[in-house]
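Engineer: Compute the structure for the input listed below.
(chains A and B)
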Amino acid sequence: MIKKNWTQAYKIVPWRGQLQWLGIMAAALLTIILIASIYLSISSQAGIAGRGLQVQQREKSDTIESIAQLETDLARVTSSTEMRQRAKKLGFASIAPQDFTYIIVPGYAGRPSADLSPHTADMVPPPIIKTAYTQSIWDWMYSSFVQPAYGE
Amino acid sequence: MTLPHYRRYLAIGIILTLAGVLIFAQMIHIQTSAKAEIVTDYGETWSYVPMTIFPERGKIFDRQGNLLVGNQKLYEIGINLVDVDDPETIARVLESVVGLNYEDTLEKVKTKASADAAYVVLTDFIPASQAGQILDLMDTYSDMAKDPKYANQPAPNLDGVLLTPHLQRSYPEGSLASNILGFYTLQISQTSTTADRHEIRVGNGYYGVEQNYNDLLAGNPIDIRAPVNPNLVDEIPDLPPGSDLVLTIDREIQSSMETVLDKHVKSSGAESGTLIVLNPETGEVLAMANSPRLDPSHYWDQDKKFLSSVNYNRAVSSTYEPGSIFKVITMASALDAGVVTPDTIFRDTGVWEVGGYTIYNWDGNAWGDQTMVGCMQHSLNVCLSWVASQLGPKAFYEYLNRFGIGHTTGIDLANEATFPLRTPEDGVWSDVDLATHSFGQGLAVTPIQLASAISAVANDGVIMAPHVLKSMVSNGRQYNTTPQVLSNPISAETAHTLTDMLAISLESESSDALVEGYRVAGKTGTAEIPTEYGYSLGVTNASFVGWGPVDDPKFLVYVWLEKPSASIWGSVIAAPVFRDAVKELVVLMNIPPDDVRANLVK
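Structural biologist: Here you go, the predicted structure:
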């Protein structure tokens, strides 16, 4: 039986092998650093956005409270008692029924009742954050690629 | 590789593999273990803060859009105990700005912070002006700390003081219409431990519109879990505010009616007064005045102001024996049934024997031959007892039922009361009840119940459901209410006939209720007050109900003065209230005098 003794025809120099390993390690390290950088960048942006959102929510609450306060202040200075006192100070007096002069104004149907509707189609605004920010990657891929493909 | 080396590598490999397998197995164990849920929940507890988001409570407006109930920004003042550095300054500032007791505040502020006591609420409902003063002082002290003078000594400071804003009900018109509006109580408290510090709100509407429409006004609060980790971006849902309500009442009319009522309650020495203005064509309540009234921004004074909760809005919650104004119902029933006409003659002998009892007139006299107009004009108990007997108990109580006596009107205000009406079907009813009921004694009604019933006479025989809600604004859309017919107890012809009879009777006796330039119809009432020992002597309920202009009624005014001391008679005490109210109403409602109106129509 002939014993086959395989041997390499040539051998790379050791420094070249070490260099290859070093390159592979560097590439791996670079990949890890790259992934970590992306992760840090995204998470810091998300963090900043989160904080910004909280600030905006607080500002929104402040604005709602301020609007309510201003409405109350306006109502106080135009209240029935206040207006009567102001009219009195300005020299106005209540008129007696017999002192009225009544005329017919064509087309005038009298003072209308309050219409407090802002006449907008829908007062509920759409969500501020896109759904993509809150979806899992699977849900995002499904809603972005699979659903459109099936025309759903 | 030599054998020893190989074995060592093999051993290390086995150990590392086993370690990996064990770690993996433990991971699976943790995930699938029964206790895993507890661990997950524990983690969730610390990762999220439970919060309830409350929408802004809806506002309330009068029919012209004037704000009657709104919201205002008030502050809670609390102390974060761990941050307190200068308790004496905190106590001194809060004493001078807010009026808190120095010693009490100092004691609270000096409380040692612990896991169970990290935050102490010192006071609440502080207006923005006072909160602003405290914030200014904080800035001043902050600047002082930078002064070199305080390099070697501590500067005064308000560290630890927290001002938390929140919305609270505001009443720009003060006590105006407080009996209709009711009030809203809001208590905000925060759990005091650092581990679980979140807001708890206990709020509710009481009385009137605030209670009746509490769910609409409150909107829909939602519970959320806010992540502690800011990286977990989560939007707090945008909640629409509670629905705004537009009422049927008119601010100017309400204000005028309260002024008129207050004046007459004072001059008559009455214990209380109630005045209702209805639009009989629609059932809209244009004004509903009570005297005394509560300032809803000091709702905690309710117990001091009123002996009983029914007194908060007597117009809907107090029942009383109305007396002679009830004769309107009796006469309307008899006319409608055809048992009498305005010209039917009744010979009044001054007494009416029934069921072993004797009925007398208010003056104890016999008035001789009287037409039905005369019976109403002189308010003869004997005559009306006879009229009821002609009608018979079956028909009489059937009419009362159609007029809604003994039932609530369903008005959209909280705590509407009713008093059960004794009828022949009840075991306790007797023949004398028919007679006493005919002139408004032995039964009890609320002012709104009787005003609503009598509005049929002012509205072609039709009772429109009394209501205070004109429209609702929700999500930017306004929904108007539609007037509803409550019942149709009498014919339009009967209504016109009776209106004319009552107008003539007022004119014939030159009543204090008459208003120059306007023809009005109405009826006075003076009722004895039942007690445990029979009817009281010399103490009455004085009432008046009237409407006008008689050819096209635009208003119905109901007046009730409780236990007046200046006079016991409704004609003396209550009729002038009606007159003064109508004088204001015709101006505020732009109703020209009858002759002017006739000319304008021509």
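Engineer: and B:N415, how far is that from B:Y479?
Structural biologist: 25 Å (CB to CB, to the nearest Å). Every C-beta, even on glycine, is put in place using the N, C-alpha and C of the backbone.
Engineer: Any stretches of the chain with poor pLDDT?
Structural biologist: Went with chain A since none was named. A:1-4, A:6-8, A:119-129, A:149-152 (pLDDT under 70).
Engineer: meant chain B, my bad for not saying
Structural biologist: If you take pLDDT under 70 as the line, chain B has these spans: B:1, B:187-202, B:230-235, B:602.
Engineer: In it, which residue is most central in space?
Structural biologist: Centroid-nearest residue in chain B, with CA atoms, centre = their mean: B:G208, separated by 1.5 Å.
Engineer: circling back to that earlier point, compare B:N415 and B:Y479 (neighbour count), which wins?
Structural biologist: Higher neighbour count among B:N415 and B:Y479: B:N415, with 16 against 12, using other CB atoms under 10 Å in any protein chain shown.
Engineer: now B:S256: how far from B:V69?
Structural biologist: Distance of B:S256 to B:V69, given as CB to CB: 20 Å.
Engineer: Give me the more crowded residue out of these two.
Structural biologist: Set side by side, B:S256 and B:V69 show more neighbours around B:V69, with 30 against 23, by other CB under 10 Å.
Engineer: The residue lying closest to the more buried one once chain neighbours are set aside pairs with what?
Structural biologist: Leaving out its chain neighbours, the residue that sits closest to B:V69 by CB to CB, 6 or more residues apart in numbering or on different chains is B:I60, at 4.0 Å. Using DSSP bridges, the bridge partners assigned to B:I60 are B:V69, B:L245.
Engineer: Quick one: residues contacting B:I60.
Structural biologist: When contacts are counted by CB atoms under 8 Å, 6 or more residues apart in numbering or on different chains, B:I60 touches B:L67, B:L68, B:V69, B:L181, B:V209, B:E210, B:L217, B:D244, B:L245, B:L247.
Engineer: ok, the first one - contacts?
Structural biologist: Contacts were defined as CB under 8 Å, 6+ apart; by that measure B:L67 touches A:E71, A:T72, A:L74, A:A75, B:K59, B:I60, B:F61, B:P172.
Engineer: Make sure I have this right: B:A115 is in a helix.
Structural biologist: No. Read with DSSP: H, G, I helix; E, B strand; the rest coil, B:A115 is coil and lies in no helix.
Engineer: How many residues are close by it?
Structural biologist: 9.
Engineer: What distance do you get for it to A:M25?
Structural biologist: 50 Å.
Engineer: ok and the residue in the stretch 501-602 of chain B nearest chain A?
Structural biologist: Evaluated by CB to the nearest CB, the stretch 501-602 of chain B has B:P592 as its residue closest to chain A, separated by 4.4 Å.
Engineer: That residue touches A:I104, doesn't it?
Structural biologist: No. Applying CB atoms under 8 Å, one finds B:P592 not in contact with A:I104, separated by 10.2 Å.
Engineer: Indicate whether stretch B:251-263 makes contact with chain A.
Structural biologist: Yes. Interface with chain A: stretch B:251-263 contributes B:R251, B:E252, B:S255 (CB under 8 Å from any CB of the partner chain).
Engineer: Just list the residues touching A:P118, thanks.
Structural biologist: A:P118 neighbours (CB under 8 Å, 6+ apart): B:G476.
Engineer: and the gap between it and B:L294?
Structural biologist: Distance from A:P118 to B:L294, by CB to CB: 33 Å.
Engineer: what residues does the stretch 501-602 of chain B put near chain A?
Structural biologist: By CB under 8 Å from any CB, the part of the stretch 501-602 of chain B that sits against chain A consists of B:E516, B:G517, B:K583, B:V586, B:V587, B:N590, B:P592, B:P593, B:V596, B:R597, B:L600.
Engineer: As JSON lines, these with secondary structure, neighbour count and distance to A:Y108 would be great.
Structural biologist: Listed next are those as JSON lines, based on DSSP: H, G, I helix; E, B strand; the rest coil; neighbours: other CB atoms under 10 Å in any protein chain shown; distance: CB to CB, whole Å:
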{"residue": "B:E516", "secondary structure": "coil", "neighbour count": "10", "distance to A:Y108": "27"}
{"residue": "B:G517", "secondary structure": "coil", "neighbour count": "17", "distance to A:Y108": "23"}
{"residue": "B:K583", "secondary structure": "helix", "neighbour count": "17", "distance to A:Y108": "25"}
{"residue": "B:V586", "secondary structure": "helix", "neighbour count": "22", "distance to A:Y108": "19"}
{"residue": "B:V587", "secondary structure": "helix", "neighbour count": "18", "distance to A:Y108": "18"}
{"residue": "B:N590", "secondary structure": "coil", "neighbour count": "11", "distance to A:Y108": "11"}
{"residue": "B:P592", "secondary structure": "coil", "neighbour count": "20", "distance to A:Y108": "14"}
{"residue": "B:P593", "secondary structure": "coil", "neighbour count": "19", "distance to A:Y108": "20"}
{"residue": "B:V596", "secondary structure": "helix", "neighbour count": "16", "distance to A:Y108": "17"}
{"residue": "B:R597", "secondary structure": "helix", "neighbour count": "17", "distance to A:Y108": "16"}
{"residue": "B:L600", "secondary structure": "helix", "neighbour count": "11", "distance to A:Y108": "13"}
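Engineer: Can you tell me which of those is nearest B:A131?
Structural biologist: Closest to B:A131 out of these is B:V587 (43.2 Å), distances taken as CB to CB.
Engineer: which one is that closest one nearest to, not counting chain neighbours?
Structural biologist: A:P97 (5.6 Å).
Engineer: Surely the one you found and B:V596 touch.
Structural biologist: No. Between A:P97 and B:V596 there is no contact under CB under 8 Å: 9.9 Å.
Engineer: Need the overlap of contacts for those two.
Structural biologist: Taking CB under 8 Å, 6+ apart as the criterion, A:P97 and B:V596 both touch B:G517.
Engineer: what's the farthest-apart pair in the residues of the stretch 501-602 of chain B next to chain A?
Structural biologist: Within these, B:K583 and B:L600 form the most distant pair, 20.3 Å apart (CB to CB).
Engineer: that older thread, tell me, what's touching B:P592 and A:I104 both at once?
Structural biologist: With CB under 8 Å, 6+ apart, B:P592 and A:I104 have common neighbours B:L600.
Engineer: need the next SSE after the longest helix along chain A, C-terminal direction.
Structural biologist: For chain A, the longest helix by residue count, based on DSSP state H, is helix A:14-77. Per DSSP states H and E, the first helix or strand lying C-terminal to helix A:14-77 is helix A:80-89.
Engineer: Which positions within that following helix qualify as buried?
Structural biologist: Neighbour counts over helix A:80-89 (16 or more other CB atoms under 10 Å in any protein chain shown) mark A:S80 as buried.
Engineer: Next secondary structure element downstream of it?
Structural biologist: helix A:137-141.
Engineer: Quick check: B:L16 vs B:P424, distance?
Structural biologist: In terms of CB to CB, B:L16 sits 100 Å off from B:P424.
Engineer: Tell me which of those two has more neighbours.
Structural biologist: Taking neighbours as other CB under 10 Å, B:L16 and B:P424 compare with B:P424 leading, 15 against 10.
Engineer: which residues does that one contact?
Structural biologist: B:P393, B:K394, B:Y397.
Engineer: Chain A versus the last one, what's the distance?
Structural biologist: So the one you mean is B:Y397. 39 Å (CB to the nearest CB, to the nearest Å).
Engineer: and if you look at the first one?
Structural biologist: The span separating B:P393 from chain A equals 45 Å under the rule CB to the nearest CB.
Engineer: for the second one, same thing?
Structural biologist: In this view, B:K394 and chain A are 44 Å apart by CB to the nearest CB.
Engineer: Checking that residue next. Helix, strand or coil?
Structural biologist: Recorded secondary structure, B:K394: helix (three-state DSSP).
Engineer: how many other residues sit next to it?
Structural biologist: Neighbours of B:K394 under the rule other CB under 10 Å: 10.
Engineer: nearest spatial neighbour of it, skipping sequence neighbours?
Structural biologist: Residue nearest to B:K394 in three dimensions, not counting chain neighbours: B:P424, with 7.2 Å by CB to CB, 6+ apart.
Engineer: helix, strand or coil for that neighbour?
Structural biologist: What three-state DSSP gives for B:P424 is coil.
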